[in-house]
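J.: Sequence and predicted model, in that order:
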Amino acid sequence: MIPEVTDALLLARVQFAFTIAFHIIFPAFTIGLASYLAVLEALWLRTRREVFLDLFKYWLKIFAITFGMGVVSGVVMAYQFGTNWSVFSDKTGPVLGPLMAYEVLTAFFLEAGFLGVMLFGMNRVGKGLHFFATLMVAIGTFVSAFWILSVNSWMQTPTGYAINADGQFVPADWIEVIFNPSFPYRLVHMVLAAYLTTALVVGAVGALHLLRDNRDEASGIMFSMAMWMATLVAPLQVLAGDLHGLNTLEHQPAKVMAMEGHFRSYPDGAPLYLLGIPDEAAGVLRYPLAIPGGSSLILKHDPSAPLAGLDSIPREDWPPVAIVFWSFRIMVGMGILMLLLGAVSLVARLRGRLYRAPLLHRFALLMGPAGFVAVLAGWVTTEVGRQPFTVYGLLRTAESVSPLGTPAVAASLVAFVIVYFIVFSAGTFYILRLMRRPPQPHEPGPKEGAPTRAAGITPAAAIASGRTLEPGEGRP
């Protein structure tokens, strides 16, 4: 029998987790895709090969839809700070409020100011100005990630603050607030994750169309570019993840203990648990599959180095161990598969079989969603591992929630679930429909294409083909 959920705090946490899980996948894609579009346009301007322009227009339509869904989901998510987490907003507002405003004043204005030119200005402005607009949008997505990750990192490793008489966090040193100890590692890790996520999607689309026709030039180019990204960036991501893990061990040791499944301390070297079933009530990891000394080797570079476990901190400060333990392994598992894909594609490339390797193409096709899975798993590891705090070590989650009744939170959660699944399922379906069609010669971009006076053409058909209706079209 399923117990009745009556805890408003739990429902507020579930609602925030649900909305941010939807939101985070869109920036993870648009950050990388904006940079990919800038590279494609640069290659077109340099080489004048129409295939690069066709690829640019092909992915530009997908970027426009994804960007729009990301903005909508982000705006909705932000409202929860005032509705469900008003105490948190009150206490951290003097620090986090300006950082969020800087994101709007820099990144959002930059993106909004040049997005229209990027989407609809190809035939209305000069080529140089259009490329500049594309470049500004790409830079804007990076600047947005900079500020948002600074906010999140401060909540993880707060520095540069003071606490006033009202119990609010106030800035004492903005440089320390922005460039807090975990921020550089988190920024690099997230941006590389965004590039890998985009590369895997682009590679999957290219692989799909190469399976149908391995002589298609556009599909071959985007598959090749994506595999180069996987080959080069996946190892860098492993290095960045390792450095981020060492930083987390220094500043958030309880999170690492949960990630590693270390319920007890190991004075003579901690094992690396590959698998196991965490039992928080008993404080043990059941049925473990371990490499002796492995965890100490990774975290301390010495297999005999001592490592503290969860038994060294109060139980009320433990994060939910099982969730963190498994989400971390999902993220690492996806990373290993990315490394494997990059290595296999490099071997195929050196053998001259990159475009004629159906097994590789099927592997790349299956790996299309892997970046999103890894990003979500990494987010769960980071955020759930921070519990039971919203501001690590200083402000507990239970002390951050608004004084709302359970029915109010439950009603808004149900509404979010229904609306999100309807709206974003439709958007995702349309994106997949666009991806199912290969890039065409003279690919139409948004709001362009040769008009045809075919009787009975519908607005939906016009949009799907990437063109607009002429006056009088779409009528019986």
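T.: Structure received.

J.: ok, how many other residues are close to the nearest residue to S400 once chain neighbours are set aside?
T.: Leaving aside its sequence neighbours, S400 sits nearest to F88 (CB to CB, 6 or more residues apart in numbering; 3.6 Å). (C-beta placed from N, C-alpha, C; glycine too.) By the measure other CB atoms under 10 Å, the count of residues near F88 is 21.

J.: Name the secondary structure element that contains the closest residue to R436 other than its chain neighbours.
T.: Closest residue to R436 apart from its sequence neighbours, by CB to CB, 6+ apart: L208 at 7.6 Å. Per DSSP states H and E: L208 is located in helix 183-212.

J.: can you give me the mean pLDDT across that helix?
T.: For helix 183-212, the mean per-residue pLDDT is 94.

J.: which strands and helices sit next to that helix?
T.: Helices and strands touching helix 183-212, by 3 or more CB pairs under 8 Å, 6 or more residues apart in numbering; DSSP states H and E, are helix 8-47, helix 127-156, helix 217-251, helix 321-350, helix 358-366, helix 370-386, helix 406-436.

J.: ok, now with 6 Å
T.: If you count contacts as 3 or more CB pairs under 6 Å, 6 or more residues apart in numbering; DSSP states H and E, helix 183-212 packs onto helix 8-47, helix 127-156, helix 217-251, helix 358-366, helix 370-386.

J.: mind checking which of those helices is nearest V170?
T.: With CB to CB, the closest approach to V170 among the helices and strands packed on helix 183-212 belongs to helix 127-156: 12.9 Å.

J.: Show me which positions of that closest one end up buried.
T.: Buried residues in helix 127-156, counting neighbours by 16 or more other CB atoms under 10 Å, are found at 130-156.

J.: what number of residues lie near T47?
T.: T47 has 10 nearby residues by other CB under 10 Å.

J.: Against I221, how distant is it?
T.: T47 sits 11 Å away from I221, going by CB to CB, to the nearest Å.

J.: For this structure, name the helix or strand with the lowest mean pLDDT.
T.: Ranked by mean pLDDT, DSSP states H and E, the weakest helix or strand in the chain is helix 459-465, scoring a mean of 40.

J.: can you list the weak-confidence ranges in this protein?
T.: For the chain, the stretches flagged by pLDDT under 70 are 1-6, 447-476.

J.: tell me the domain ranges of it?
T.: As assigned by automatic domain parsing, the chain contains the domains 8-262+308-436, 446-476.

J.: Switch these over to a markdown table; also include distance to G283.
T.: Shown next, in a markdown table, are those (distance: least, CB to CB, whole Å):
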| stretch | distance to G283 |
| --- | --- |
| domain 8-262+308-436 | 7 |
| domain 446-476 | 57 |
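
J.: closest to Y287 out of these?
T.: Nearest to Y287, of all the domains of the chain, is domain 8-262+308-436, at 11.2 Å by CB to CB.

J.: show me the residues around V238 that make contact.
T.: Contact analysis of V238 by CB atoms under 6 Å, 6 or more residues apart in numbering lists nothing.

J.: and if we set it to 7 Å?
T.: By CB atoms under 7 Å, 6 or more residues apart in numbering, V238 lies in contact with G335, L339.

J.: now it: how far from L33?
T.: Distance of V238 to L33, computed by CB to CB: 23 Å.

J.: just M338 next, same as before
T.: According to CB to CB, M338 stands 17 Å off from L33.

J.: Repeat that for F18.
T.: When CB to CB is the yardstick, F18 and L33 sit 24 Å from each other.

J.: what's the spacing between L376 and E250?
T.: Taking CB to CB, one finds L376 at 25 Å from E250.

J.: If you tally nearby residues, what's the number for A204?
T.: A204 has 22 nearby residues by other CB under 10 Å.

J.: Name the nearest residue to it, sequence neighbours excluded.
T.: Distances taken as CB to CB, 6+ apart put G368 closest to A204, at 2.9 Å, once the chain neighbours are dropped.

J.: Could you do A258 as well?
T.: Of all residues beyond its chain neighbours, the one nearest A258 is V324 (4.0 Å), with distances taken as CB to CB, 6+ apart.

J.: Touching, the one you found and R386? I think so.
T.: No: with contact defined as CB atoms under 7 Å, V324 does not reach R386; the gap is 9.6 Å.

J.: which of the two has more neighbours?
T.: Using other CB under 10 Å, the more surrounded residue of V324 and R386 is V324, with 28 against 22.

J.: Next up, the contacts around the more buried one.
T.: Counting by CB under 7 Å, 6+ apart, V324 has contacts K255, A258, M259, T381, V384, G385.

J.: in what helix or strand does the second one lie?
T.: To tie it back to what came earlier, the one meant is A258. Assignment of secondary structure by DSSP H and E places A258 within helix 253-260.

J.: related to what we said a few turns ago, more neighbours, F18 and L33?
T.: L33 (25 against 15).
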